[in-house]
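S.K.: My questions are about this predicted structure, shown below with the sequence.
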Amino acid sequence: MKKILSLSLGLMILTATLWGSETATKSREIVLETKKIDGAVHWTPEKVEVTPGEKIKFVVKHELEGGFDFHGFFIPILNVTEQVNRNEPTIVEVTLPKSLKPGDYPIGCQFHPKHVRATLVVSDKKGSKK
Ligand SMILES: [Cu+2]
């Protein structure tokens with residue numbers, strides 16, 4: 001009886017481990033970075049396509065020389081407010097709510113009003129990305 005118990009416990013741990021690693025690999029990495037275009041700082045790429053329920057790992061970089069030492073990474077719809085220092089990539093992991101309505105949402109910088117935003121494009125169709 002004890003043997004069966006420890007065997008099933010072992011299986012449970014194994015299953016949990018496998019399941020855990022599978023969910024970890026499901027997170028999709030998206031890199032955003034500051035770029036200077038016509039004298040203004042932009043978050044690029046300009047459009048970031050996601051689907052509700054998706055797990056995203058944002059890697060946010062500020063590697064511009066000169067100007068501000070840091071920028072803000074602000075996505076109100078996802079309750080994300082971060083500070084990104086120069087040459088210190090910031091990792092933000094989020095799971096998009098399944099209830100998120102398709103549409104366009106701003107990705108901005110809470111520190112600089114002139115900082116040009118990117119757009120989080122929420123699409124309900126899986127695989128609509130090019
Ligand atoms: Cu900024």
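M.R.: Ah, there it is.

S.K.: Can you list the low-confidence ranges for the protein?
M.R.: 1-25, 126-130 (pLDDT under 70).

S.K.: Up against the ion, what does it have?
M.R.: 71, 109, 112, 115 (Cβ under 5 Å from the ion). (Glycine included, C-beta is placed from N, CA and C.)

S.K.: one more time with 8 Å, if that's ok
M.R.: Residues of the chain lying close to the ion (Cβ under 8 Å from the ion) are 34, 41, 68, 70-72, 109, 111-112, 115.

S.K.: Please flag which of the residues you listed sit within strands.
M.R.: 34, 41, 70-72 (DSSP state E).

S.K.: Okay, Lys57 and Lys35: tell me how far apart.
M.R.: Distance from Lys57 to Lys35, counting by Cβ to Cβ, to the nearest Å: 21 Å.

S.K.: And Val121, by the same measure?
M.R.: Counting by Cβ to Cβ, the separation of Val121 from Lys35 is 19 Å.
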